[in-house]
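*Asks:* sequence-free structure coming up:
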DNA sequence: CGAATTTGACCAGCGC
DNA sequence: GCGCTGGTCAAATTCG
């Protein structure tokens, strides 16, 4: 019905590739914000970083991504997943960069 | 076959 | 004290 051809159990939401691997472990509809929220966790061993994706059922194009946990501790250098490692280390800038990459440059809205 | 993903249900904390 | 919500886990199913 929803997937003629290819296979895809996705809920129909396209996540922006941030350069890391994530494992989805839950999804729920939050009435408080009238939006859907998906819970992702870093798929790397030893990395307990969590990622939350929030979007409205009417606007799957408006994704709101939030990173929790701090930073990835696995070898992003040896893996093939490196966000914007253009030189400079990162900590808070890393989180902001990822969010901006998903929103464009309007975060937070406030 | 292995791996990945999805859904439902349960639990805990908080507010009034 | 009770109800409600959010968050996580487990199991089942499916694809390449």
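*Replies:* Looks like it came in fine. Given the structure is predicted, the values throughout are model-derived calculations rather than measurements.
*Asks:* what does chain A put close to DNA strand B?
*Replies:* Contact residues (Cβ under 7 Å from any atom of the strand) of chain A with DNA strand B: A:9, A:10, A:11, A:22, A:23, A:24, A:25, A:26, A:27, A:28, A:43. For every residue, glycine as well, the C-beta is placed using N, CA and C.
*Asks:* give me phi/psi at residue A:58?
*Replies:* Backbone torsions of residue A:58, given as degrees, to the nearest 10, read phi -90, psi -20.
*Asks:* contacting residues around it?
*Replies:* Not one residue lies near residue A:58 by Cβ atoms under 8 Å, 6 or more residues apart in numbering.
*Asks:* follow-up on the earlier one: by neighbours, which of the residues of chain A next to DNA strand B wins?
*Replies:* In terms of neighbours by other Cβ atoms under 10 Å, the residues of chain A next to DNA strand B top out with residue A:22 at 18 neighbours.
*Asks:* That residue is in contact with residue A:44, isn't it?
*Replies:* No. Applying Cβ atoms under 8 Å, one finds residue A:22 not in contact with residue A:44, separated by 9.7 Å.
*Asks:* on that earlier part again, and of the residues of chain A next to DNA strand B, the nearest to DNA strand C?
*Replies:* When the residues of chain A next to DNA strand B are compared for distance to DNA strand C (Cβ to the nearest atom of the strand), residue A:26 comes out closest, at 2.7 Å.
*Asks:* which residues touch the helix or strand harbouring that closest one?
*Replies:* Element membership for residue A:26, per DSSP states H and E: strand A:22-30. Strand A:22-30 is touched from outside by A:11, A:15, A:35-43, A:51, A:54, A:57, with contacts defined as Cβ under 8 Å, 6+ apart.
*Asks:* again, only this time at 7 Å
*Replies:* Applying Cβ atoms under 7 Å, 6 or more residues apart in numbering, the contact partners of strand A:22-30 are A:11, A:36, A:37, A:38, A:39, A:40, A:41, A:42, A:43, A:51.
*Asks:* can it be found next to DNA strand C?
*Replies:* Yes. Strand A:22-30 lies within reach of DNA strand C by Cβ under 7 Å from any atom of the strand, at A:25, A:26, A:28, A:30.
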